[in-house]
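Chemist: generate a structure from the sequence data that follows.
(one chain, ligands or ions: 2)
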Amino acid sequence: MSVIQVQGLRSLKGEIKIQGSKNAVLPMMAAAVLHKGTTVIHNVPRIQDVFCMLGILEHIGCICRFDGHTLTIDARDLTQAEIPEEYIKSMRSSIMLSGSLLGRTGNAVTSFPGGCSIGERPIDLHLSAFRELGAIIEEQGDKLMVSANRLMGSHIYFPFPSVGATENALMAAVYAQGITVIHGAAKEPEIITLCEFLNNMGANIHGTGTSRLTVTGVRELCDSEFTVAGDRIVAGTYLMAVMAAEGDIVLQGIQPGHMASAISLADRMGAELKRYENCLEVSMSGRPDCIDVITEPYPGFPTDLQSQLMAVMASAKGTGRIKETIFEGRFGTAKELHKLGADIIIEGKQAVIHGLFPLKGNRVTATDLRGGAALVVAGLACEGVTEIHECHHIERGYEDICRDLSSLGAAIRGME
Ligand SMILES: CC(=O)N[C@H]1[C@@H](OP(=O)(O)OP(=O)(O)OC[C@H]2O[C@@H](n3ccc(=O)[nH]c3=O)[C@H](O)[C@@H]2O)O[C@H](CO)[C@@H](O)[C@@H]1O
Ligand SMILES: C=C(OP(=O)(O)O)C(=O)O
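Modeler: Ligands and ions are numbered 1, 2, ... in the order given. Okay, here's the model as predicted:
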C-alpha cells in the first residue's frame with residue numbers, strides 16, 4: 001500500500017483491538033538471540049519493522065516461524081555476527097542486535113543505523129555503555145565492530161535517558177561477569193517489558209521501572225514464552241483520530257496506565273474518557289481545544305504522538321503550542337499539514353498552531369512513520385479527499401491503519 005485516500009468529516013464509532021507494541025517487540029526479538037534455544041513471543045504485530053527484524057534474525061542463523069501473531073525464534077545455532085548494511089540503514093532498531101550479539105558471542109559487526117528522518121539520532125550512549133562493560137569498538141569505513149573477550153559488570157552512567165541505549169546495555173549485561181548498574185536508565189513501559197522478558201528467560205534484573213537498573217550476570221538462559229502488550233502509540237494515534245473526527249470509540253487490549261499523559265491531554269482538550277483495566281473509552285463531541293504541550297521522556301507526553309497531536313490541533317479551536325524536546329526533525333509534518341490549509345508556525349523547537357476547521361483535502365506525502373499517521377488523522381478533519389503518498393512509512397509500525405479506521409466508520413482506503 002503506497003497511497004491512502006481519506007474522505008473526511010465522518011465521525012468514528014465502534015470498538016477496536018489494538019495490535020501488539022512495535023517498540024516492545026523489536027528489542028525482544030533482538031534479545032531472543034541471547035539464548036541458545038527457543039523463545040516464543042505472542043501478540044506480535046505484522047508490521048514492516050517486525051519483518052525487517054525477522055530478516056536480520058534469519059540472516060544470522062536463527063530459525064523463525066511467524067504464524068498469525070505468534071513468533072517462534074530458535075537461536076540455537078548462530079552462523080553470522082555481521083548484519084548487512086541494507087538492514088541497518090532501513091531500521092533504527094537493528095542497532096539492538098549489537099548488544100545481544102555482543103552478549104551472546106562477544107562479537108557484533110553492524111554500521112550506523114538509519115530509519116525515519118526525525119533527527120540526527122547518534123548512538124554514542126550505546127557505544128559508551130559497551131565500552132564500560134569492557135568491549136572494544138572499531139570503526140572501519142561504515143562498519144562498526146564491537147567485540148570483547150569477556151564482558152565485565154560495571155557502572156554505566158547515562159547523562160539523559162535513552163530508550164535504545166538502556167535496552168542495548170541491558171542485553172549486553174545479561175551474561176557479563178558480576179554486577180552491572182545502569183544509572184539514568186530510561187523508564188518507558190517498553191523497558192519494563194524488556195526487563196520482564198529477559199527475567200522470564202532467566203536473566204537477573206532488578207530495579208525495573210526505575211532509573212537505576214541492576215543486572216547480575218547469569219551463565220545461561222532458558223526457553224520461554226511471553227505476550228507483548230498493546231501498542232500505546234497506536235492506541236494514542238486512534239485517540240487522536242477520534243478527537244479529529246469526533247465520535248465514540250473503545251480501544252481494547254491496552255494498559256491505559258501506560259497512556260496517562262495522552263489521556264490527561266485529551267481530557268484537557270475536551271474529550272470524555274473512561275479508563276478500564278484493559279481498555280479505554282473515548283468520546284469527542286464538537287471541536288477539541290488547542291492546548292500547550294511539551295514532549296518528554298516517559299511518563300511525559302511522548303514524542304511518538306507529537307505529529308498526530310499537531311494534526312488534531314490544526315483542526316481544533318484556538319491557539320496551542322507544542323515544544324519538541326526529543327527529536328529535532330519531528331516538525332517535518334507541519335510542511336505537509338500546510339498543504340491541507342493548517343496554520344502552523346515553527347519557531348525553533350516550538351510549533352505555534354492556530355486551529356482551523358475544516359481543513360481542506362489535498363495531496364500530501366508521508367516522510368516518516370508517525371508523521372504519515374498524522375496526515376491520516378488530519379485527513380479525517382478535512383473537507384473532501386486527502387491523498388497520502390509514500391505510505392510505506394506508516395506500514396513500518398501500523399498493521400493496517402485503513403482496516404482499523406474503516407472498522408470505526410472512517411471512509412479510508414489504501415492503494416498500491
Ligand atoms: C524502537 C524504539 O523503541 N524507538 C523509540 C526509541 O527510540 P530511540 O531509542 O532511538 O530513542 P532514544 O530514547 O535513544 O533517544 C532520546 C534522545 O537521546 C538522543 N540520543 C540517543 C542515543 C544516543 O546514543 N545518543 C543520543 O544523543 C536521541 O538523539 C534523542 O534526542 O525512543 C524514542 C524516544 O522515546 C521513541 O521516539 C522511539 O519510537
Ligand atoms: C521513531 C519511531 O521508531 P524508530 O525508533 O523505530 O524509528 C517511532 O516509533 O515513532
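Chemist: for this structure, which residue gets nearest to ligand 1?
Modeler: residue 164 (2.8 Å; Cβ to the nearest ligand atom). The way it works is simple: take the backbone N, C-alpha and C, and place the C-beta from them, glycine included.
Chemist: helix or strand: which one has that residue?
Modeler: Assigned by DSSP states H and E, residue 164 belongs to helix 163-173.
Chemist: can I assume residue 250 sits in a strand?
Modeler: Yes - according to DSSP: H, G, I helix; E, B strand; the rest coil, the state of residue 250 is that of a strand.
Chemist: run a quick neighbour tally on it.
Modeler: Look at residue 250: counted by other Cβ atoms under 10 Å, it has 17 neighbours.
Chemist: just checking, residue 240 touches residue 313?
Modeler: No - between residue 240 and residue 313 there is no contact under Cβ atoms under 8 Å: 9.6 Å.
Chemist: for the chain, give me the ranges with low pLDDT.
Modeler: 115-116 (pLDDT under 70).
Chemist: is ligand 1 within reach of the helix of greatest length in it?
Modeler: Identified as the longest helix of the chain according to DSSP state H is helix 232-245. No - figure legend: helix 232-245 not in contact with ligand 1 (Cβ under 6 Å from any ligand atom); closest approach 7.2 Å.
Chemist: contact residues of the stretch 151-300 of the chain facing ligand 1?
Modeler: Close to ligand 1, as judged by Cβ under 6 Å from any ligand atom, the stretch 151-300 of the chain has residues 162-165, 186, 190.
Chemist: which one of those residues is nearest to residue 219?
Modeler: Proximity of these to residue 219 (Cβ to Cβ) peaks at residue 165, which lies at 25.2 Å.
Chemist: quick one: residues contacting the closest one.
Modeler: 123, 125-126, 129, 158, 186 (Cβ atoms under 8 Å, 6 or more residues apart in numbering).
Chemist: now for these, which pair is the farthest apart?
Modeler: 123 and 186 (14.5 Å).
Chemist: surely residue 146 touches residue 137?
Modeler: Yes - counting by Cβ under 8 Å, residue 137 is a contact partner of residue 146 at 5.4 Å.
Chemist: now the common contact residues for those two.
Modeler: 127, 130.
Chemist: tell me which helix or strand comes right after the helix holding residue 164.
Modeler: Taking DSSP H and E, what comes next after helix 163-173 is strand 179-183.
Chemist: that next one pairs with which strands?
Modeler: Applying DSSP bridges, strand 179-183 is found paired with strand 155-157 (parallel), strand 212-216 (antiparallel).
Chemist: list the buried ones in the longest one?
Modeler: Judged by neighbour count (16 or more other Cβ atoms under 10 Å), strand 212-216 contains these buried residues: 213-215.
Chemist: next, residue 346: phi, psi?
Modeler: Residue 346 adopts backbone torsions of phi -100, psi 130, taken as degrees, to the nearest 10.
Chemist: give me the nearest residue to the residue in the stretch 201-350 of the chain that ligand 2 sits nearest to, chain neighbours excluded.
Modeler: Taking Cβ to the nearest ligand atom, ligand 2 has its nearest neighbour within the stretch 201-350 of the chain at residue 304, 3.9 Å off. Nearest residue to residue 304, sequence neighbours excluded (Cβ to Cβ, 6 or more residues apart in numbering): residue 233, at 4.6 Å.
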